[in-house]
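Visitor: Just a sequence and a predicted model for now, questions to come.
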Amino acid sequence: MEDASSSHQTSAIPQMRFGKIDDLSSRVAAAIGGARDYLFSQQHEEGYWCGELEADTTLESDYIMLHTLLGTGDMDRFRKAARYILQHQNEDGGWPIYAGGPSNVSASVKAYFGLKLAGFTADHSALVRARKKILELGGVTEVNTFTKIYLCFFGQYDYDAVPAIPPEIVLFPNWFWFNIYEISSWSRAILVPLSICYAKKPFKKIPDEMGVEELFVGGRDKSRMHLHWDKKLLSWRNFFLSLDRLTHWFERVHIRPLRSIALKKAERWVLERFEMSDGLGAIYPSMLNAIVALRCLGYSLDDPQVIRAIDEFEKLGIEEAETFRMQPCKPPVWDAAYALFALGESGVPANDPRMVKCADWILQKQVRTVGDWKVKNKKGQPGGWYFEFNNEFYPDVDDSAMVCLALTHVEHPNGRYQRESVQRAIDWIFSMQCRNGGWASFDKNNDRMVFQHIPFADHNAMLDPPTVDITGRILEMLAAYGYDKNHPAVKRALKFIRDEQEADGSWFGRWGVNYIYGTMLVLRGLEAIGVDHHEPYVQQAAEWLRMVQNADGGWGETCGSYDDPNTKGVGPSTPSQTAWAIMGLLAANDTRSDCVAKGIAYLLRTQKKDGCWDEPHYTGTGFPRVFYLMYHMYRQYFPLIALTTYKKVIAQEQGQN
């Protein structure tokens, strides 16, 4: 919190008296007004909102690595990226994958290597500390597959020791037990170009002093670089490891009859998905891999495809006077939908020109062409929305549902256009429902759990199974358009939600951190669709939220709860997670408990003079246990929704008294 604003705030701290706040309704109204004004001040002139999306330092490390590999490095920018990396080093010398998190071996090795490529020497104090921590964590051999392959590019790891990613996987037919459409869309976009790199095995010689030889425990010669076999002889891990070793053996003896056909198909697959997209998959890792893959295939740096791929990649950069950082992607559709929804909920008229302008922008982003989702959803017709500025092949169910919810708050001058767009999206969402009643994000029935044992699947996101957070949002959206709990799709969704509830009453959050997020979205969905809030499972969820409230009145949960469920709901209070908990409790009809009043007091107390909130912690999830996100706008629109919902509840209760 800034000093100037905190001194101002101490005098304005709401006084609690027996769970009631002095002059509550006017304070809440003032906070809503401030938040609303601030949110409008962030609107882009084209109508959308797009906050920064922040991730860990592996992005900056990989940026340095890529440009070193391509020979296109800008040392001034490398120094800025290195400065940013150093700012995020933990006290113990390593680097975390979320603010305040423990040191992670892959992130730490990447940072160490990135700093060396940027000109730092092994005796630099930051590297001395980092080296000590990395060796404590097991050294280079403990990093994940993607990190190992990137190290292979520079001769710092053995290609024979990394899990094979043969391009032949693109040749498996769609009806085959394993094919690229049985893995998640993001894994597909990351692995297809990486399989080209794996097949071509690029190598760039770097000076010995830039290498990471010293990060092998006991030295590189004595290190076991290959993956360990499972102690249980008959296991899926050993099955896939056997296939892996067999693939390596075939490569060593040059038995690769389909390699050239596979490489051609993989190349075609990548180039097709460059179209109508902000780079391959519009996400950082696949965009980076695609650039390397094109160079491996012989494309020159001045080839239009390479120029375009690098341009899209560089757009993710944020350069400042002293530092340079990269975003994993940009979230304009997501942020615009949520900002629109929050403002509409807070009472901004549906025909307000600023609202209409946003709706106009967002309606133009609707997907009207077939993407990868069609492979497993033959009957569905296009109609969803994606997350980024352009990503036509990969609309997702979560964004589509959120856009539909946002559009309930707008009256577009062309009402028919708006209604037809929404109906197309709802039809597409229905067609994406999975066999167990839930909804996943990008694909249908992408849940063959055995593929998590594939050796290169250690990014912990090989699959895209249905999740309760998305399913809860869809229930809320369907209710807004007149569907009720008697609809067959809704009945199946409700069963899925009941089946997924944890023993303590909470629900897991796949796309937000973590159980607070999942529980909030389910409770909002249940309330909207007409489930009685007296239901024991609803009240059990509300009780769990009350139990994990912090002493300061807020709620918080760290990304560590994905590693250790015993820490669910535990963490320093944040504006977004406090808002989620309040939204969940209000959805369960808890309008009078001290918990809600204290949560509201927390939001009022931490709001800054300009109407916004600060939030140093990551509350967004990319891949659980592997990759986390800080959405810079979560701290703005979620508190606004919570305060608005609370204000409506107070008004309702006062009207009834």
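Guide: Yes, it's here.

Visitor: Tell me which helix or strand Arg131 sits in.
Guide: helix 125-136 (DSSP states H and E).

Visitor: Return that helix as PDB; C-alpha atoms alone will do.
Guide: C-alpha atoms of helix 125-136 as PDB (Å, rounded to 0.1, in the frame of the first residue of the first chain):
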ATOM      1  CA  SER A 125      26.900 -12.900  -5.900                       C
ATOM      2  CA  ALA A 126      23.400 -13.600  -7.300                       C
ATOM      3  CA  LEU A 127      24.700 -16.600  -9.200                       C
ATOM      4  CA  VAL A 128      26.700 -17.900  -6.300                       C
ATOM      5  CA  ARG A 129      23.600 -17.900  -4.200                       C
ATOM      6  CA  ALA A 130      21.500 -19.400  -7.000                       C
ATOM      7  CA  ARG A 131      24.000 -22.200  -7.600                       C
ATOM      8  CA  LYS A 132      23.900 -23.200  -4.000                       C
ATOM      9  CA  LYS A 133      20.100 -23.400  -4.000                       C
ATOM     10  CA  ILE A 134      19.900 -25.200  -7.400                       C
ATOM     11  CA  LEU A 135      22.300 -27.900  -6.200                       C
ATOM     12  CA  GLU A 136      20.200 -28.200  -3.000                       C
END
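
Visitor: by contact count, what packs against the helix or strand just after it?
Guide: Counting by DSSP H and E, the next helix or strand C-terminal to helix 125-136 is helix 145-152. Packing partners of helix 145-152 (3 or more Cβ pairs under 8 Å, 6 or more residues apart in numbering; DSSP states H and E): helix 105-117, helix 185-200. The C-beta positions use only the backbone N, C-alpha and C, and glycine is treated the same way.

Visitor: helices or strands next to the longest one in the packing?
Guide: Looking back up the chat, that one is helix 185-200. Where contact means 3+ Cβ pairs under 8 Å, 6+ apart, helix 185-200 is packed against helix 145-152, helix 259-272, helix 284-296.

Visitor: So which of these is the most surrounded?
Guide: helix 284-296 (a mean of 25; mean count of other Cβ atoms under 10 Å).

Visitor: between the helices and strands packed on helix 145-152, which has the poorest average model confidence?
Guide: Set side by side, the helices and strands packed on helix 145-152 give their lowest mean pLDDT on helix 185-200, at a mean of 94.

Visitor: can you give me the angle that one makes with helix 259-272?
Guide: 140 degrees (axes from the mean of the first three to the mean of the last three Cα atoms, to 10 degrees).

Visitor: which phi and psi does the closest residue to Asp335 other than its chain neighbours have?
Guide: By the measure of Cβ to Cβ, 6 or more residues apart in numbering, the closest residue to Asp335 outside its immediate chain neighbours is Trp49, 4.4 Å from it. Trp49 adopts backbone torsions of phi -120, psi 150, taken as degrees, to the nearest 10.

Visitor: shouldn't Trp49 be in contact with Gln43?
Guide: Yes. Contact status for Trp49 versus Gln43: in contact at 5.8 Å, counting by Cβ atoms under 8 Å.

Visitor: all strands for this protein, in order.
Guide: For the chain, the strands defined by DSSP state E cover 16-17, 20-21, 53-54, 317-319, 324-326, 620-623, 627-631.

Visitor: how about the helices and strands packed on helix 145-152 in JSON lines, adding distance to Ala293?
Guide: Converted to JSON lines, these look like this (distance: least, Cβ to Cβ, whole Å):
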{"stretch": "helix 105-117", "distance to Ala293": "20"}
{"stretch": "helix 185-200", "distance to Ala293": "4"}
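
Visitor: Would you indicate which residues of stretch 164-184 are buried?
Guide: 164-170, 179-184 (16 or more other Cβ atoms under 10 Å).

Visitor: now swap in stretch 579-594 and tell me
Guide: Those would be 579-590, for stretch 579-594 by 16+ other Cβ under 10 Å.

Visitor: re the thing from before, now tabulate the helices and strands packed on helix 145-152 in JSON lines and tack on mean neighbour count and distance to Val570.
Guide: What follows is the helices and strands packed on helix 145-152, written out as JSON lines (neighbours: other Cβ atoms under 10 Å; distance: least, Cβ to Cβ, whole Å):
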{"stretch": "helix 105-117", "mean neighbour count": "26", "distance to Val570": "23"}
{"stretch": "helix 185-200", "mean neighbour count": "25", "distance to Val570": "29"}
